[in-house]
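# quick one, fold the following:
(4 chains, ligands or ions: 6)
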Amino acid sequence: MTVYPNLQPTDPSGQTRKDFQTDQDVRWCPGCGDYSILANVQRTLPKLGIPRENVVFISGIGCSSRFPYYMGTYGMHSIHGRAPAIATGVKTLNPELSVWVITGDGDALSIGGNHLIHALRRNVDLNILLFNNKIYGLTKGQYSPTSEVGKRTKSTPYGSIDHPFNPVSVALGADASFVARVLDVDAKLMPVVLERAAAHGGASFVEILQNCSIFNDGAWADISDRKTKHATQLELQHGLPLLFDKGTKGIGLDNRMHPRVVDVEAEGLDKVLVHDETNPAMAYLLSRLTYPEFPTPMGVFLSIPRPTYDAELEAQMRHAGRKATGDGMADMQALLESGRTWEVR
Amino acid sequence: MTVYPNLQPTDPSGQTRKDFQTDQDVRWCPGCGDYSILANVQRTLPKLGIPRENVVFISGIGCSSRFPYYMGTYGMHSIHGRAPAIATGVKTLNPELSVWVITGDGDALSIGGNHLIHALRRNVDLNILLFNNKIYGLTKGQYSPTSEVGKRTKSTPYGSIDHPFNPVSVALGADASFVARVLDVDAKLMPVVLERAAAHGGASFVEILQNCSIFNDGAWADISDRKTKHATQLELQHGLPLLFDKGTKGIGLDNRMHPRVVDVEAEGLDKVLVHDETNPAMAYLLSRLTYPEFPTPMGVFLSIPRPTYDAELEAQMRHAGRKATGDGMADMQALLESGRTWEVR
Amino acid sequence: MPKTETVLDEVTIRFAGDSGDGMQLTGSQFTHTSALVGNDVSTFPDYPAEIRAPAGSLFGVSGFQLHFSSKAVLTPGDAPDVLVAMNPAALKTNLGDLKVGGILIANTQAFDDKNLERAGYATNPLEDGSLGDYRVYPVDITTMTLGAVAEVGLGQKAALRCKNFFALGLVYWLFNRPLEHTLDWLKEKFHGDVYDANEKALKAGYHYGETAEAFDQSYVVEQAQIEPGLYRNITGNEALALGLLAACQLSGLKGYLGSYPITPASDILHFLSKQKHLGFKTFQAEDEIAAVGAALGAAFAGGLGVTTTSGPGMALKAEAIGLAVMTELPMVIVNVQRGGPSTGLPTKTEQSDLLQMLYGRNGESPVPIVAAQSPGDCFYAAIEAARIAVRHSVPVVLLSDGYVANGAEPWKVPKMADLPRIPVRFATEAEGFEPYSRDDDLGRPWAIPGTPGLEHRLGGLEKQHLTGNVSYNPENHEFMCQLRADKVAKVADHLPPTAPHGDADGTLVIGWGGTFGALRAAVDQARQHGAKAAHVHLRHLNPLPKDLGEVMARYERVLVPELNLGQLSFLLRAKYLRAVEPYTKLQGKPFKVSEVLARILEAKEVAA
Amino acid sequence: MPKTETVLDEVTIRFAGDSGDGMQLTGSQFTHTSALVGNDVSTFPDYPAEIRAPAGSLFGVSGFQLHFSSKAVLTPGDAPDVLVAMNPAALKTNLGDLKVGGILIANTQAFDDKNLERAGYATNPLEDGSLGDYRVYPVDITTMTLGAVAEVGLGQKAALRCKNFFALGLVYWLFNRPLEHTLDWLKEKFHGDVYDANEKALKAGYHYGETAEAFDQSYVVEQAQIEPGLYRNITGNEALALGLLAACQLSGLKGYLGSYPITPASDILHFLSKQKHLGFKTFQAEDEIAAVGAALGAAFAGGLGVTTTSGPGMALKAEAIGLAVMTELPMVIVNVQRGGPSTGLPTKTEQSDLLQMLYGRNGESPVPIVAAQSPGDCFYAAIEAARIAVRHSVPVVLLSDGYVANGAEPWKVPKMADLPRIPVRFATEAEGFEPYSRDDDLGRPWAIPGTPGLEHRLGGLEKQHLTGNVSYNPENHEFMCQLRADKVAKVADHLPPTAPHGDADGTLVIGWGGTFGALRAAVDQARQHGAKAAHVHLRHLNPLPKDLGEVMARYERVLVPELNLGQLSFLLRAKYLRAVEPYTKLQGKPFKVSEVLARILEAKEVAA
Ligand SMILES: Cc1ncc(C[n+]2csc(CCOP(=O)(O)OP(=O)(O)O)c2C)c(N)n1
Ligand SMILES: Cc1ncc(C[n+]2csc(CCOP(=O)(O)OP(=O)(O)O)c2C)c(N)n1
Ligand code: SF4
Ligand code: SF4
Ligand SMILES: [Mg+2]
Ligand SMILES: [Mg+2]
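Ligands and ions are numbered 1, 2, ... in the order given. Below you'll find the predicted structure:
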């Protein structure tokens, strides 16, 4: 006995960006980086070949977490920090669904840090987009766990004294299987990263560097400037050397495994590390690189195949299901009557 | 006006192990690894030169978390997972205290994962001892976030499908400044590690591999055997090459930065990496090594100086205190009368 | 020498020993055999809080009490008629409960100096004359067990483990029970030496009773009048898990448990983890918040989302339950109550979370509450909770407690075919779909991801009536708060009239949850004592039955016994402005029938 | 043409405009000036939920209402006499509140097609005759402001920002207020061009009133009788923070706030973060659990541990508060209530967490509860909460709400020297020290780390009386649960007798928290209407004053107005078995005086 409707799915080939929009007014501040992210996501989704009714966006609380209201899919604007847990329930109940988590640096890394790292280690097949604006936007400007030391905010009038998290490092520490980073305004890299995240089987973690025009304007200005980004960013490409500044510089190691900048011409290309997406240690080392000492790496840090929690669960269900007769009521009755029973007459 | 008593502190030089014991019956199972840890801690504390009244042990809930009852210091057996938060309050209110957190793999990494990583990133000067028995002991044998895939427990009769955390990697992902690992029965290394953890300014994270004789007996047997430990463990020593198996083997890198075993005689000592406690990337790489593919590293992975949260807070307090007149009541009155006031007559 | 056989109506036995002495097993074997010979039975296991307490320690004593009778049995018995004490610590911690004149069987060998000291005895109570009030049977169980199993050739340690079967055999003899059922069980579980040794120990105990001079008589407890049918023993946690599974079959919903281990709720997780063949999924989350979050996610996705917990775990779920209230998703939240506050007394029972379940969330956040009243009843309570959840699209709290959860009783196995289905209708029609429209039960459509055309967004902000959009409109907020309250109140439309058990006037005893047996038995006994009394046991704590006020009005006195400081009393007073009389106990232990009986018989003045 | 001046007792003005229009500033300037000229004043700001809503949108409207009078003022006024609407959206969302016959000043320039459409107007209400009920003054504020500041040479954008000062100037003229205070303030804040422009805009608005034909009269509101002393404006959150700071000075304790930002409580964190020179430490934790955990740790270490939160954040703290109850450490838990359930209406006010604070924890887990009744009163309520916490070694809940927290009022600055000290005595004597021994107030010794010889261990498991060791003893558990309850009840020993304001019989209005002003004003007005009425506003919700039942008994009718579904009513009914009459409102908004007045005057039948 099943009560689940068996309906004709939407033909995904006919879907366009418009199918992923809603009639709700988008309520972010003018100039907020979230607009660009929304546009990129809405542009990418039709390319994935998934009927929109099979797509679910779950968010926590924060400016970024309003995101689901603007997506013409199923969605939930849940409670602060708990989106990965709720999304885990959605995905593991129905693994057919494409489940996305939208979260902020406060939502994901402050109150929700634990759920995030557990979703990553379990490798539940979720696509987690963390909008990192290094500030609490919705609550009007307190520092966040990614805010830099010394930052003066409403709650740190004397300057913050907390050493910040590096979201990519956190994900790697939690044994994530897919980790990437991209800038809110990077319309070239973002769709690539989003498509790869969606394609990855397992939890995909994407840190999106996002500008908060009101409370932390220009937080990423030093690396987002188009004119200098060739030198301030390091674009990661699997199998290719870690080069930047138009190929004149690269990333290598010193003899104690500290990263260093290699002058390609002077030292030769072979001193430059070759990016290997399957190497967590390299991904971690790359995550430590930040502007201005190094260029900030962008793109896919890590992508390793690993069984997903939801698929393994389905496999166990199928395996156990072999014991079942197919008649749930009868099997239930058998379970009720199992163990030591006796008949009273 | 201060109400804090100013009492003659205990002379720490006269303290012995007995001073750190209590009259409470120790209620762990026979053969539990916690006994050995307790003995080591009680032996180490008198060496630290801290009057016992200045020592505080805070734990969560779990078998391991009964620890404070057995320590003749101040202590709190708090609630599940929250010890780092409570300890942060203790330490930041009174930075004179030596504050220790006792926690288990479930307590620290399951429910308490978020507080742990935040205490580490903030670098609050706590000494965090995580007793990792890869199981929930107190609740009688469910799998934990460090249990291996496939493990059959009360809650995973078909075998666990969760990829486990590597506690050292988690700590490194969270930007910990001191990370170490030691075996419960290693009476040689444990005091060394404990003393270094205590000496480290900032959050010290020590993973103690602990045997649960009831629900996960022999979880560490493959690396704890005295006869084979020279090959199954890799003892980390700052500035020395990463050698094991009596110096015949070492850890090196391949050309994509993957770790590999170096045959020292065949390839030469210079292919072996030299341990550098100040390099997070190396520490992370080492954290990925596990028996049987590699020997399991033991000792101090990382130790880097970084300002502590509590010291920085005190500095801000002092800085701000320069505005104060020293008469709290007067300053308070001034604050009350600040802003735009007017006199009604 | 032929001994006499005395016929008794009912007997309560307690087996007590060290954690390692196997008392739980002994007790459950005796229970099972008693059930099979046709007695009505009720049991109460009492474990130590520690995993492995040191041998011989007071806090390491493990007990198992059972009550069997030729009449209907409602509780595990107040005070044991027979106490089996395997060591001094067991004697020390349990003697106080033994009836004066009761039988005490003590394992003399264990009363050595070391154990006496551990138990805090200065002198050996078996010898110092301090047990004059009891019929003491000192038996050297250890030595006789070792003797009996010697020929099997087990090591000393393994041989000693058979002690409990010697004791069991002896008590079997004392109550004229057959050995066969336990032997069958042994055969199923063990082979070779271990089987042989236990069999020998069991029989040796039995024969000791038969032959020894010590016992001058044995006892017979006749068959009880029991409803015909197939029976099994069941604990509350098992029955609750089975009820959840059954609810899935009755509704056709996929079952989903998000849980985090905690005493005394963990066994529900353990049990359900094994039922994957019924399509039920379990998820051990990183904490209670993630557990309820995942259950909520599963409910959104169209499953029967369940979360189970206790004590501090319950406190942690409050925020997410609030989200379930706002999103109006059907869920079952199981709270197996234990001693509080804070970590409290984790292994002890209590009923002190009632008001927390009613009010423990920010804002006006109403949820229906259902309580189970006995181990077997957990099955039906779980189905009822699921039914309400689905019917009204609402998270429902199901209250159990440590006593019900760990207690066991013979249980008539229900027929699935006899149980009413739980109707579920997912929304599928895009035309005119509004996620917050209402049906007669004020439920809203369940439109699950995967359904084309019904894409919509839920959330924790206030919803606009019908559309479900975010709304800050003042009147809408008031309307929706009232609607959510009305919806919960609607549950009462489906309740049967309240039928007090007993007299139509006099003292009305109102209870809820695991105190059922004690209250019912006390009321029955009070009536036998000539008092006018009746009993109403509430399955539904929110909403209360519509006619409860009226029913109460018919009685001169309303007595409300609870294992807390008077929470239901508080509720009844507020709701009905009636000066009910609270009778509270907060000792981590259930009521004794005698306590409640005494209280019924002694009319008390009630302060307004 | 000389215009007439009409003298009025009191006036309520609301400034409404786009979020970017500076209405909060305008309102607070008018408030300040009014206070300085000697009126009594009360204010109510009403921000949009969004950070930066799109210009001209309905949900982006920001409002500020103030009520000033020559009499004592208790609320920000029910309905405005004057509405300043800077754009169509502001008109649309606020017109419904304007009194019939009230003055409407509208910025005509903003009523262009785009803005009209955004506000959902088909035709221009300033032109279509739909505003016949009001005295409409269309003023081209935009153009005149641009004209006035043109010579300063600011850019268009900056020039437009001065609009609010033009409006302010005009309203200053309308009510005969001096410009000097605002000019002083401008001088302090701005220099050069910006100062010049704002000055010019302000004066232009004033002169426009003086010279334009439009206004035929202006109004005078005379000085009020105000208690002499030094005054300042204060919001509830500021006063609460100051109260906590003062409590530290009065006790000598180090102050420690563990908090996580959440609307509307965040400003307390912001304010306290700036007071490090007073030795007060603040810690922005990773979540609410860590926040309360750190506060508890600080309390253990000997500080005044405080945590502040609201709504869902409160739900998350339940477990740790339970630990504070069990460890009996003094703490203050501040809940600035907002609209619930779940995320609810985060920016709106409500009083719906009362029962949560009483019962929202597992087990019997009592805490004292104190509520603040007005912005300035938050100061005293905070001190009272700290005093109770320290006196009885107990976590105390301090309830505020969004209305009180964001509202502002002129506040007589207290003298620290006049405030009674909070006595603190840390334990220091090792001889005979028992961590769970008791003093007269049932408090236990506060023995802080660093004290030689008093080393001891606390925890969440049940404690043995006196020694504080872990205890599973049944009688001890009952004893300790009762003791913790008695301890909270002890707080009532220190309360003054309840003194109803008003008549000795008739209708007794009982309220708590931020409804004070509306209730007091309504009772006063009802008495002026000849009704017999009195008002009791509860500072202490747990325990309730000992004489409250008696006091209630003196009145024929007890009316309990609350911004929830009747939580205090429920409590009073349960406690006193009295058929109190709930009067509830749940619209995210405070009571209007007129609503309560009407309810007092119309006697209602109460269902039992
Ligand atoms: C339990 C709980 N605590 C606190 C809040 C208040 N709150 C809402 S969003 C937020 C932080 C937002 O920061 P971030 O996640 O970085 O999102 P952003 O607004 O920057 O996109 C906070 C503290 C809440 N809603 N719920
Ligand atoms: C909030 C809460 N949830 C769950 C529990 C039950 N519980 C107690 S300890 C524990 C896990 C213990 O595992 P670990 O931290 O590894 O400690 P160990 O017993 O193995 O030393 C659990 C789930 C609890 N006490 N509180
Ligand atoms: S506050 Fe910042 S993050 Fe939030 S919507 Fe505005 S610009 Fe975006
Ligand atoms: S259950 Fe395991 S971890 Fe706990 S006390 Fe026993 S042996 Fe130690
Ligand atoms: Mg942010
Ligand atoms: Mg463990």
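
# the top helix by length along chain C packs against which elements?
Ordering each helix of chain C by length in residues (DSSP state H) puts helix C:192-211 first. Helices and strands touching helix C:192-211, as assessed by 3 or more Cβ pairs under 8 Å, 6 or more residues apart in numbering or on different chains; DSSP states H and E, comprise helix C:141-149, helix C:156-160, helix C:163-174, helix C:180-189. Heads up, the C-betas are built off the backbone N, CA and C, glycines and all.

# which residues sit against it?
With Cβ atoms under 8 Å, 6 or more residues apart in numbering or on different chains as the contact definition, helix C:192-211 has outside contacts at C:139, C:141, C:144-145, C:147-149, C:151-154, C:158-159, C:162-163, C:165-174, C:179, C:182-183, C:186-187, C:190, C:215, C:218.

# next SSE downstream of that helix?
Using DSSP states H and E, the helix or strand that follows helix C:192-211 towards the C-terminus is strand C:217-221.

# now do that following strand against helix C:163-174: the angle between them, please.
Using axes from the mean of the first three to the mean of the last three Cα atoms, to 10 degrees, the inter-axis angle of strand C:217-221 relative to helix C:163-174 is 80 degrees.

# can you give me how far strand C:217-221 is from the chain middle?
How far strand C:217-221 lies from its chain's middle: 30 Å, per Cα atoms, centre = their mean, to the nearest Å.

# do the following helix or strand past that strand and chain B meet?
For strand C:217-221, the following helix or strand on the C-terminal side (DSSP H and E) is strand C:229-235. No: with Cβ under 8 Å from any Cβ of the partner chain as the threshold, strand C:229-235 lies outside contact range of chain B, at a closest distance of 14.7 Å.

# hang on, C:T33 in a helix?
Yes: note on C:T33: a helix contains this position according to DSSP: H, G, I helix; E, B strand; the rest coil.

# show me what contacts it?
With contacts defined as Cβ under 8 Å, 6+ apart, C:T33 is in contact with C:Y172, C:R177, C:P178, C:H181, C:T182.

# before we move on, the earlier item: which of the helices and strands packed on helix C:192-211 sits closest to chain D?
The stretch from those with the least distance to chain D (Cβ to the nearest Cβ) is helix C:163-174; that distance is 23.9 Å.

# okay, now the unreliable bits of chain C?
C:1-2, C:604-608 (pLDDT under 70).

# all strands for chain A, in order.
Chain-ordered strands for chain A, with DSSP state E as the definition, fall at A:55-59, A:74-77, A:98-104, A:126-132, A:178-183, A:204-209, A:233-235, A:243-244, A:249-253, A:259-263, A:296-303, A:341-344.

# I'd like those strands written out as TSV, with mean neighbour count added.
What follows is these, written out as TSV (neighbours: other Cβ atoms under 10 Å in any protein chain shown):
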stretch	mean neighbour count
strand A:55-59	30
strand A:74-77	27
strand A:98-104	30
strand A:126-132	27
strand A:178-183	27
strand A:204-209	27
strand A:233-235	22
strand A:243-244	22
strand A:249-253	21
strand A:259-263	16
strand A:296-303	24
strand A:341-344	15
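
# the stretch 401-550 of chain C: strands as residue ranges?
Here the stretch 401-550 of chain C has its strands, by DSSP state E, counting those that start in this stretch, at C:408-412, C:457-459, C:501-502, C:507-512, C:533-538, C:540-542.

# am I right that C:Q373 is in a strand?
No: membership of C:Q373 in a strand is not supported by three-state DSSP, which gives coil.

# can you pull the contacts of it?
Taking Cβ under 8 Å, 6+ apart as the contact definition, C:Q373 lies against C:A381, C:V404, C:W512, C:G513, C:G514, C:T515, C:F516, C:H537, C:R539.

# tell me how chain C divides into domains.
With domains defined by automatic domain parsing, chain C comprises C:4-220, C:232-418, C:501-601.

# out of those, deepest packed?
Among the domains of chain C, judged by mean count of other Cβ atoms under 10 Å in any protein chain shown, the one packed with the most neighbours on average is domain C:232-418 (a mean of 27).

# do that one and ligand 4 meet?
No: for a cut-off given as Cβ under 6 Å from any ligand atom, domain C:232-418 has no contacts with ligand 4; the smallest distance is 13.1 Å.

# now do the same contact list for the closest residue to ligand 1 within chain C.
When Cβ to the nearest ligand atom is the measure, chain C has its nearest residue to ligand 1 at C:E319, with 6.2 Å between them. When the contact criterion is Cβ under 8 Å, 6+ apart, the partners of C:E319 are A:I79, C:I289, C:R361, C:N362, D:P312, D:A315, D:L316, D:S342.

# relative to ligand 3, which of these is nearest.
For these, the nearest to ligand 3 is A:I79 (18.1 Å; Cβ to the nearest ligand atom).

# pretty sure C:F15 contacts C:P80?
No: contact status for C:F15 versus C:P80: not in contact, 9.4 Å apart, counting by Cβ atoms under 8 Å.

# show me the common contact partners of those two, please.
Contact with both C:F15 and C:P80 is made by residues C:Q65, according to Cβ under 8 Å, 6+ apart.

# so which of the helices and strands packed on helix C:192-211 is nearest chain A?
For these, proximity to chain A was assessed by Cβ to the nearest Cβ; helix C:180-189 is nearest, at 7.3 Å.

# show me what the closest one is in contact with.
Helix C:180-189 is contacted from outside by A:R340, C:Q29, C:H32, C:T33, C:L36, C:F165, C:L168, C:Y172, C:Y195, C:N198, C:E199, C:L202, using Cβ under 8 Å, 6+ apart.

# where's the fifth one relative to C:Y231, distance?
Note on C:L36: its distance to C:Y231, by Cβ to Cβ, to the nearest Å, is 9 Å.

# which residues are common contacts for these two?
Shared contacts of C:L36 and C:Y231, defined by Cβ under 8 Å, 6+ apart, are found at A:W342.

# can you tell me the helix or strand for the residue of chain C closest to ligand 1?
When elements are defined using DSSP H and E, C:E319 is found to belong to helix C:318-327.

# tell me if that helix is near ligand 2.
No: residues of helix C:318-327 contacting ligand 2 under Cβ under 6 Å from any ligand atom: none, with a closest distance of 12.3 Å.
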